[in-house]
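Trainee: sequence plus the predicted model coming up.
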Amino acid sequence: MCGIIGVCASPGRRLNTGEMVFKGLLRLEYRGYDSAGVASIESGVIKVLKGKGRIADLEKKLGFSRVGGSVVIGHTRWATHGAPSDENAHPHTDCTGSIAIVHNGIIENYRELREALAKKGHVFKSETDTEVVAHLIEEYLKTGLAPYEAFKKAISSIRGSYAILAVFSSQPDTIFFAKKDSPLVIGLGEGFNMVASDIPALLEYTRRVITVRDMWVGYITGDSVFIEELGKGPVEPSSYVRVVEWDLESASKGGYQHFMIKEIHEQPRALAETFYGALSDLSLGEAAKILLDARRIYITAAGTSYHASLHFALSMGRISKILVTPFIASEYESYAPTAREGDVLIAVSQSGETMDTLKAVRAFKERGARVIAVSNVVDSAIPRESDLPLYTRAGPEIGVAATKTFTTQTLLLSLLALEYGLLRGELLKSEYEELRKELSKSSELASKTISWSEGVARKIAEFLRFKNSIYYLSRGIGLPTAMEGALKIKEIAYIHAEAYPAGESKHGPIALVEKDFPVVFVVPRDEYYEKLILGNIQEMKARGAFIIGVAPEDSKLLDLFDICIKTPASNWLTTPITHTPPLQLVAYYTSVYKGFDPDKPRNLAKTVTVE
Ligand code: F6R
């Protein structure tokens, strides 16, 4: 998704604003982009440098970091309206070149606005929805309004989602901002202020931030911040300042080749943070109480977070014998009408900004349901709009493919399932303690499974790099992990992968299996499922499939696999923690061996803020 950044320096402070924005753009790269650009105001004139391509190449060609002035804004674009091109890259300007805009989001009514403005003589240089904002402001300036008033009037005229920054050549020390549905954070510095789509873009310079809320508009200069809620009046910025705990080290590669492999290896630490964080926080108990009072429980998310949600639904069924309805967030229209007062929705989102999940939250709230959020980003939109936020504390995840945020989500949700089971009286204290003891070992289990699987994952990747298709099969509690394994290899190694319950093979998919067709079996530590999976392995073997196992060290099936990653013996509830890291490693090495960049998969964005 697009990323935006802006820096304002105080008049007396000689800061390299161009370099600050350039570095910020590099930190926004992980969100996914196809083009980038910056705008500065030098000697009262707006200068725009932009183009299609990688930031590093554009820097060589155009020199983003060499622009100067007290005010610089920048943008990474992930195309929605108009193909990736130099013209469609942001910043966009008005007809006179005295207003420059960067934007993340979608302006839904841009066609009508564009037509009306074109009739008034405005000439558009791009196919984007964003450009209309620059012309709209220009139009309001013509009526005699001051820049901020014209900016606010333009914001009131647009519909859709946006985080927008605007600069005016007539006010070369100020950046104007507005936000609705797309993330935006202000960073407060000594003699400068910044504003960006997310925290990693600011971290090198400051950790004091204000998370901008929906419908806030305002402006920053080098030494002031003004905020108001559109149509309501001023907001006191100091009441919203917080200090982020992440440091730059945790948001940089720290010696690893890619963020993804760094983040895979960070899982033991992240899981410890999740576990001890949950212990020291009363929210988990509160969440369990909310669930206990619930008439019905739903859980929703997208992508990887959906797989964590499925794990929760299966765990709740097994521990407390109750039905939790999981659904994919973008399908909320089919589920929201069934909700009413007394129901609870759990919304799981690492970024806390996924538009599909946010829409589901809003739809359920409208029907009177209560919402519990599970997120990794404090103060992001979904936790903010929920009744109770729970945080995974995995630290910043920069690789586009989710890794540590998945295992930490499953840990936090498993802890919640246990609290609920105990409160509901479905678990005896001794059963609760036994299961919880195993979860307390998550960090150790992840550490073991990662070190045991590094070598064999590379061997498997050597084999898979030449394949076009793979099945990932499992049963019961192993299924969300199989689904996650398939998603990872699809996303970063571009191999078609399908995950489904192993019992389904005979109902169709087995037709594709021929000699050396790769089939990955995720075998949970569970005697009942192990027996069933044994039959499924035989079916596949009989058709010449190449069988890859991810199975507990003491599994009875180990001899049946052509190649196997052994996982530390634990219990059924920790399956995602013991079995997912090996599959993440398989996907990572397959991607690297195929010559791809696993951190920046094509067509994908880290935070999906469009529906
Ligand atoms: C997969 C991946 C995506 C996200 C999905 C939801 O590796 O990263 O599938 O899981 O876009 O994102 P969040 O969890 O931020 O709502």
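Mentor: Everything's here; your move.

Trainee: just the strands from the stretch 251-400 of the chain, written as ranges.
Mentor: Ranges of strands within the stretch 251-400 of the chain are 297-301, 324-328, 344-349, 370-375, 388-391, based on DSSP state E, counting those that start in this stretch.

Trainee: ranking those strands by burial, who's on top?
Mentor: Most buried of the strands of the stretch 251-400 of the chain by mean neighbour count (mean count of other CB atoms under 10 Å) is strand 344-349; its value is a mean of 29. Using the backbone N, CA and C atoms, a C-beta is placed for each residue, glycine as well.

Trainee: report the inter-axis angle for that one versus strand 370-375.
Mentor: Using axes from the mean of the first three to the mean of the last three CA atoms, to 10 degrees, the interaxial angle of strand 344-349 with respect to strand 370-375 works out to 20 degrees.

Trainee: is strand 344-349 in proximity to the ligand?
Mentor: Yes. Strand 344-349 lies within reach of the ligand by CB under 6 Å from any ligand atom, at residue 349.

Trainee: using JSON lines, lay out the strands of the stretch 251-400 of the chain together with mean pLDDT and distance to residue 528.
Mentor: What follows is the strands of the stretch 251-400 of the chain, written out as JSON lines (pLDDT from 0 to 100; distance: least, CB to CB, whole Å):
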{"stretch": "strand 297-301", "mean pLDDT": "98", "distance to residue 528": "24"}
{"stretch": "strand 324-328", "mean pLDDT": "98", "distance to residue 528": "21"}
{"stretch": "strand 344-349", "mean pLDDT": "98", "distance to residue 528": "27"}
{"stretch": "strand 370-375", "mean pLDDT": "97", "distance to residue 528": "29"}
{"stretch": "strand 388-391", "mean pLDDT": "94", "distance to residue 528": "31"}
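
Trainee: which residues of this protein lie near the ligand?
Mentor: Applying CB under 6 Å from any ligand atom, one finds that the chain approaches the ligand through 302-305, 349-351, 354, 357, 401-402, 487, 491, 607-608.

Trainee: between those residues, which is nearest residue 94?
Mentor: residue 607 (28.7 Å; CB to CB).

Trainee: is it correct that that closest one falls within a strand?
Mentor: No. Residue 607 sits outside any strand when classified using DSSP: H, G, I helix; E, B strand; the rest coil, being coil.

Trainee: quick revisit: which one of the residues of the chain next to the ligand is nearest to residue 221?
Mentor: Within the residues of the chain next to the ligand, the smallest distance to residue 221 is 28.0 Å, found for residue 607 (CB to CB).

Trainee: wait, what's in contact with the residue lying closest to the closest one once chain neighbours are set aside?
Mentor: Beyond its immediate neighbours in the sequence, the residue positioned closest to residue 607 (CB to CB, 6 or more residues apart in numbering) is residue 351, lying 4.3 Å away. Residue 351 sits next to 183, 375-377, 380, 606-607 when contact means CB atoms under 8 Å, 6 or more residues apart in numbering.

Trainee: name the SS class of the residue sitting furthest away from the middle of the chain, please.
Mentor: Farthest-out residue of the chain from its mean C-alpha position, per CA atoms, centre = their mean: residue 144, at 42.1 Å. Here residue 144 takes the coil state, with states given by three-state DSSP.

Trainee: can I assume residue 70 is in contact with residue 12?
Mentor: No. If you go by CB atoms under 8 Å, residue 70 and residue 12 don't touch, sitting 10.2 Å apart.

Trainee: and those two? which has more neighbours close in?
Mentor: Taking neighbours as other CB atoms under 10 Å, residue 70 and residue 12 compare with residue 70 leading, 23 against 8.

Trainee: OK, contacts around that one?
Mentor: The neighbourhood of residue 70, defined by CB under 8 Å, 6+ apart, consists of 8-11, 17, 41, 172-173, 222.

Trainee: please apply the same query to residue 529.
Mentor: Neighbouring residues of residue 529 by CB under 8 Å, 6+ apart: 474-478, 523.

Trainee: please produce a PyMOL select command covering the buried subset of these.
Mentor: The PyMOL command for the buried members of these (criterion: 16 or more other CB atoms under 10 Å) is given here:
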select buried, resi 474+475+476+477+478+523
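
Trainee: taking the contacts of residue 529 one by one, which sit in strands?
Mentor: When DSSP state E defines the strands, the subset of the contacts of residue 529 inside them is residue 474.

Trainee: residue 344: which of the contacts of residue 529 is nearest?
Mentor: Within those, the smallest distance to residue 344 is 22.5 Å, found for residue 477 (CB to CB).

Trainee: how about the helices in the stretch 151-300 of the chain?
Mentor: Taking DSSP state H, counting those that start in this stretch as the criterion, the stretch 151-300 of the chain carries its helices at 259-265, 267-279, 283-292.

Trainee: turn those into JSON lines, including mean neighbour count.
Mentor: Formatted as JSON lines, the helices of the stretch 151-300 of the chain follow (neighbours: other CB atoms under 10 Å):
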{"stretch": "helix 259-265", "mean neighbour count": "24"}
{"stretch": "helix 267-279", "mean neighbour count": "21"}
{"stretch": "helix 283-292", "mean neighbour count": "18"}
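
Trainee: dump those to CSV, plus mean pLDDT and distance to residue 567.
Mentor: As requested, the helices of the stretch 151-300 of the chain are arranged in CSV below (pLDDT from 0 to 100; distance: least, CB to CB, whole Å):
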stretch, mean pLDDT, distance to residue 567
helix 259-265, 94, 15
helix 267-279, 89, 13
helix 283-292, 96, 26
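
Trainee: now tabulate those helices in CSV and tack on distance to residue 601.
Mentor: Formatted as CSV, those follow (distance: least, CB to CB, whole Å):
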stretch, distance to residue 601
helix 259-265, 10
helix 267-279, 20
helix 283-292, 33
